[in-house]
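Enquirer: please work out how this folds:
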Amino acid sequence: MPNISPSPRYISNLTRDTYALILAGGRGSRLHELTDWRAKPSLYFGGKFRIIDFPLSNCVNSGIRRIGVVTQYKSHSLIRHVMRGWGHFKKELGESVEILPASQRYSESWYQGTADAVFQNIDIIRHELPKYVMILSGDHVYRMDYAGLLAAHAESGADMTVSCLEVPVAEAAGAFGVVEVDGNNKILGFEEKPELPKHLPDNPENCLASMGNYVFNTEFLFEQLKKDAMNESSDRDFGKDIIPSIIQDHQVYAHPFKSGFTDEEAYWRDVGTLDSFWLANMELLSPTPALNLYDAKWPIWTFQEQLPPAKFVFDDDDRRGMALDSIVSGGCIISGATVRRSVLFNEVQVCSYSSVENAVVLPDVVVLRNCQIKNAILDRGCIIPEGTVIGHNHDHDRARGFRVSEGGITLVTRDMLGLPVGYE
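Expert: The predicted structure is shown next:
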């Protein structure tokens, strides 16, 4: 477990004095057509969830029940999902999940960056009277007990604490904010997405990357946001502007991310590319996946429609409905078809004589007869015509207007199939 005070009352006081702000307005442009009609935090993951469910569940399971979700880019499906799945909190009991769209309270502009998104909601945060403000990225998949982060922040006397994770230098280059620390984890330097990240002193292969999760003392946060708002040259971003401006004169610490769940290794995935999104879903098919979605002590909550159970029909020699090493969600029908090493979301239908292998199939997809599909992502609502072959020949895939990723994963969307777009 995290190295925190043994007193449950101490932890409950910390979480009760905390307001969490989840930044969920990101576009996720590296996911290409998958985020043409939805924000990245609204993207499906793991058979029945959306990415936003992970930071929300982490908050609730950690005892933090005052939460704001900041939205901006194509947020309709995200807002709808949060309202359906997280709208049961009762304000009179000191708990709430509120949606905070860009409403131009302090500016005539929409949110200009992560820091500006928080600045434009200062009045809402102040109304909650929190001692601490926790700022969380809304587009990563992970399980984390935030109590350890809060306790480390309070005990160190920090003005700000940054949750960090060791990652390979090559992986961090151009992708993550990278921090330098002393022996006490006080941050000495910070670079936002450097091309040549500075490695750890004792490990030239790894560096310390920011997870985009921060804890601030509330009044200190307000002071820095107001200063940043007056700086005309600022990009209004925590990584580019706020953190570099305060590390010399204030107490800013790094908190290494550890699992805190029995013997599990720390799990954190930025599913920001087609390949990383596909791979993270595929990892769930392992008999003992790094991300344990079956832990009843730390459930991942979501909105789930009432659907019939998955169904497998026909047991003939030439057509047998079966799924091997796969996740198959409610409402799916596998009719005389074979599914291998795939993740099928709600209400997917795979018809006779078809084969689906190494695929991530989002809700409401219909694969008609005699299709051969492998190494693919099928977006929500796709209807795959009879006899279609996907993922077997990349040149043919590209010729039909499908996108093939750098790692050889074929993406198919409704628009690519000539179907009406905007289905989220």
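
Enquirer: CA atoms only: put the helix or strand containing residue 215 into CSV for me.
Expert: Using DSSP states H and E, residue 215 sits within strand 206-217. The C-alpha trace of strand 206-217 is given here as CSV (Å, rounded to 0.1, in the frame of the first residue of the first chain):
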residue,chain,number,x,y,z
ASN,A,206,14.5,5.8,-17.8
CYS,A,207,13.3,9.2,-16.9
LEU,A,208,10.7,10.6,-14.5
ALA,A,209,7.6,11.7,-16.5
SER,A,210,4.7,13.7,-15.3
MET,A,211,1.3,11.9,-15.3
GLY,A,212,-0.6,15.2,-15.6
ASN,A,213,-1.9,14.8,-12.1
TYR,A,214,-1.3,17.6,-9.6
VAL,A,215,-2.1,18.6,-6.1
PHE,A,216,-2.1,22.3,-5.1
ASN,A,217,-2.8,24.2,-1.9
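
Enquirer: that strand pairs with which strands, parallel or anti?
Expert: Note on strand 206-217: by DSSP bridges, its sheet partners are strand 132-137 (antiparallel), strand 160-168 (antiparallel), strand 177-181 (antiparallel).

Enquirer: touching the longest one from outside, list them.
Expert: For strand 160-168, contacts defined as Cβ atoms under 8 Å, 6 or more residues apart in numbering pick out 144, 149, 152-153, 176, 179, 187, 200, 203, 205-211, 213-217, 220-221, 243, 246, 250-257, 266, 268. In short, each C-beta sits where N, CA and C put it, glycine included.

Enquirer: recalculate using a threshold of 6 Å.
Expert: Residues outside strand 160-168 that contact it (Cβ atoms under 6 Å, 6 or more residues apart in numbering) are 149, 153, 179, 206, 208-211, 213-216, 252-257, 268.

Enquirer: so how far is residue 188 from residue 200?
Expert: 13 Å (Cβ to Cβ, to the nearest Å).

Enquirer: of those two, which one has the most company?
Expert: More crowded of residue 200 and residue 188, by other Cβ atoms under 10 Å: residue 200, with 15 against 12.

Enquirer: identify the bridge partners of that one.
Expert: Bridge pairing for residue 200 - DSSP bridges - gives residue 203.

Enquirer: verify the stated contact: it with residue 206.
Expert: Yes - counting by Cβ atoms under 6 Å, residue 200 touches residue 206, with 5.4 Å between them.

Enquirer: where along this protein do the helices fall?
Expert: For the chain, helices defined by DSSP state H occupy the ranges 8-16, 53-62, 76-86, 114-119, 122-128, 146-156, 169-172, 218-230, 243-246, 274-283, 394-399.

Enquirer: among the contacts of strand 160-168, which ones are buried?
Expert: Buried subset of these (neighbour count, 16 or more other Cβ atoms under 10 Å): 149, 153, 179, 206, 208-211, 213-216, 252-255, 257, 268.

Enquirer: could you work out the end-to-end span of stretch 153-165 for me?
Expert: 16 Å (Cα to Cα, to the nearest Å).

Enquirer: what about the residue nearest to residue 330 when sequence neighbours are not counted, how many neighbours?
Expert: In this structure, residue 330 finds its nearest non-sequential neighbour in residue 307, 3.7 Å apart by Cβ to Cβ, 6 or more residues apart in numbering. Residue 307: 14 surrounding residues under other Cβ under 10 Å.

Enquirer: next one: residue 307 from residue 241, what distance?
Expert: Counting by Cβ to Cβ, the gap from residue 307 to residue 241 is 46 Å.
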